[in-house]
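Novice: What follows is a predicted protein model with its sequence.
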Amino acid sequence: MPAQDRIQARPDSYLKELRADVRAGLTAWPKSLPPKYFYDERGSELFDQITRLPEYYPTRAETAILTQRAAEIAQLSACESLVELGSGTSAKTGLLLRALSSGGTLAEFMPFDVDPAVLADAMQMLAAQYPRLRIVPFTGDFERDLGAIPAAAGRRMIAFLGSTIGNLEPAARSGLYRQVAAALRPGDTFLLGTDLVKDPDRLRRAYNDSAGVTAEFNRNVLRVINRELGADFDVEEFEHVAVWDPVNEWMEMRLRSCRQQRVTITDLALTVSFAAGEQMRTEISAKFRRDGIRAELAAAGFRTQRFWTDPDGDFGLTLAELLRSDRARLRVPPRFGEAR
Ligand code: AVJ
């Protein structure tokens, strides 16, 4: 058996942050809730179902790119350590792991996810499939806990697939890229999956499927709050809404209150009112353009090495190399004679 350490990043920080986020979101106007709280066991299962819906193309498109490019990615990154952010069930990871393992360089895999249950499942599967790989699951919030990832001995690649980056607004995205850069050394690589701007009708269908799975997924955040914070959301009294914002170029999921209602969140000693028809934002899912991705990454010190899409041009996968050292990123002038 390989050494399989389990790192738990501040385990009760989840509840503490949930309380703070829910209080902030429900007392603001307009109300909002962060998307990361969709993913309890049921939420992760619902998302898994979403990835198989006919309308939800991103997972299939990204898988197609990875299938075609895995060997090239392995060769270009030549990494010994792979960190996957928001790894979920690690389904797509299999493609990368196979390519990186047969390339012979990979020694360590760190799946990083908010949901420990999903990690435990993935762990079991991967440990059986890759007996020589050191698997170190990491429960945490990728917006906050990347600093806790131990440094790698050799070359590292951080993968952030599925366009989960699109859940963040531009300022938060650049914060994340900087954290990713800080967990890498120059020459290390960042593999980023991004859904691309396309026909709004297709986007709206992808986020409002005919089987109603996305609606259940959206409402699941209310179930999580009911259970974790002793709230009494009447889940059926909130309706799923998905809108395309053409200015920000992102899809927005909202929950619309079907009637005037009051909700009590016992653990917060908080009661909030919803007007009939009031909409609360639960997720943004930004859609990207090639040049925008390149520019965002460049601002954090990355040089785009490759940009691939699926044959339909629906989804983008970028492999970028970290150029600048910490010293340069922190705007510390180089010492005399030091290369920049
Ligand atoms: C897992 C964040 C990439 O934004 O498309 C799916 C989540 N939301 N359907 C996305 C989601 C609605 C998904 N991500």
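Specialist: In hand now; what should we look at?
Novice: Residue numbers of the protein in contact with the ligand?
Specialist: 50, 58, 162, 163, 164, 166, 167, 207, 214, 253, 283, 285 (Cβ under 6 Å from any ligand atom). For glycine as for every other residue, the C-beta is placed from the backbone atoms N, C-alpha and C.
Novice: Pass me the low-pLDDT residue ranges in the stretch 201-340 of the chain, would you?
Specialist: Scanning the stretch 201-340 of the chain for pLDDT under 70 picks out the ranges 324-340.
Novice: Just the pLDDT for the residue in the stretch 1-150 of the chain that the ligand sits nearest to.
Specialist: Residue nearest to the ligand within the stretch 1-150 of the chain (Cβ to the nearest ligand atom): residue 50, separated by 5.0 Å. If you check residue 50, the pLDDT there is 97.
Novice: How about the one 10 residues further on?
Specialist: pLDDT, residue 60: 95.
Novice: follow-up on the earlier one: what about the residue of the stretch 1-150 of the chain closest to the ligand, distance to residue 206?
Specialist: Distance, residue 50 to residue 206, using Cβ to Cβ, to the nearest Å: 9 Å.
Novice: which parts of stretch 193-206 are buried?
Specialist: For stretch 193-206, the neighbour count (16 or more other Cβ atoms under 10 Å) marks 193, 194, 195, 196, 197, 203, 205, 206 as buried.
Novice: Which neighbours do residue 50 and residue 206 have in common?
Specialist: The contact sets of residue 50 and residue 206 overlap at residue 56 (Cβ atoms under 8 Å, 6 or more residues apart in numbering).
Novice: what sits against the residue of the stretch 151-300 of the chain found nearest the ligand?
Specialist: Closest contact between the stretch 151-300 of the chain and the ligand, by Cβ to the nearest ligand atom, is at residue 285 (3.4 Å). Applying Cβ under 8 Å, 6+ apart to residue 285 gives the contacts 163, 166, 167, 195, 207, 250, 251, 252, 253.
Novice: what about it, is that helix, strand or coil?
Specialist: Secondary structure assignment for residue 285 (DSSP: H, G, I helix; E, B strand; the rest coil): strand.
Novice: what's the closest non-adjacent residue to residue 134?
Specialist: In this structure, residue 134 finds its nearest non-sequential neighbour in residue 108, 4.6 Å apart by Cβ to Cβ, 6 or more residues apart in numbering.
Novice: If I look at the one you found, what pLDDT would I see?
Specialist: 93.
Novice: just the one 3 residues further on next, same as before
Specialist: The per-residue pLDDT reported for residue 111 equals 90.
Novice: what pairs with it across the strands?
Specialist: Counting by DSSP bridges, residue 111 forms beta bridges with residue 84.
Novice: Report how many residues lie close to it.
Specialist: Neighbourhood size, residue 111 [other Cβ atoms under 10 Å]: 25.
Novice: wait, what's in contact with it?
Specialist: Applying Cβ under 8 Å, 6+ apart, the residues near residue 111 are 84, 87, 90, 93, 119, 122, 123, 126, 135, 137, 138.
Novice: Let me see the ranges of the strands in the stretch 51-200 of the chain.
Specialist: With DSSP state E, counting those that start in this stretch applied, the stretch 51-200 of the chain shows strands at 81-85, 108-113, 134-135, 138-139, 156-160, 189-195, listed in chain order.
Novice: and those strands, which one's lowest on average pLDDT?
Specialist: Minimum mean pLDDT among the strands of the stretch 51-200 of the chain: strand 138-139, a mean of 86.
Novice: Adjacent strands (with direction) for that strand?
Specialist: Per DSSP bridges, strand 138-139 is paired in its sheet with strand 7-8 (parallel), strand 108-113 (parallel).
Novice: just the angle between the last one and strand 156-160, please?
Specialist: Okay, so that is strand 108-113. 30 degrees (axes from the mean of the first three to the mean of the last three Cα atoms, to 10 degrees).
Novice: Just the CA trace of strand 108-113, in PDB.
Specialist: Taking C-alpha atoms only, strand 108-113 is exported to PDB below (Å, rounded to 0.1, in the frame of the first residue of the first chain):
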ATOM      1  CA  GLU A 108       1.900  12.000  -6.600                       C
ATOM      2  CA  PHE A 109      -1.800  13.000  -7.100                       C
ATOM      3  CA  MET A 110      -3.600  15.500  -4.900                       C
ATOM      4  CA  PRO A 111      -7.300  15.700  -5.500                       C
ATOM      5  CA  PHE A 112      -8.600  18.800  -3.900                       C
ATOM      6  CA  ASP A 113     -12.400  19.200  -3.300                       C
END
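Novice: angle of it against strand 81-85?
Specialist: Using the same axes, to 10 degrees: strand 108-113 against strand 81-85 is 10 degrees.
Novice: roughly how far out does strand 108-113 sit from the chain middle?
Specialist: Centroid separation between strand 108-113 and its chain, computed with Cα atoms, centre = their mean, to the nearest Å, is 13 Å.
Novice: mind listing what the residue nearest to residue 134 touches?
Specialist: 80, 81, 82, 133, 134, 135, 136, 152.
Novice: Kindly indicate the member of the residues you listed with the most neighbours.
Specialist: Within the contacts of residue 108, neighbour counts (other Cβ under 10 Å) peak at residue 82, which reaches 28 neighbours.
Novice: what's the spacing between that residue and residue 111?
Specialist: Distance, residue 82 to residue 111, using Cβ to Cβ: 9 Å.
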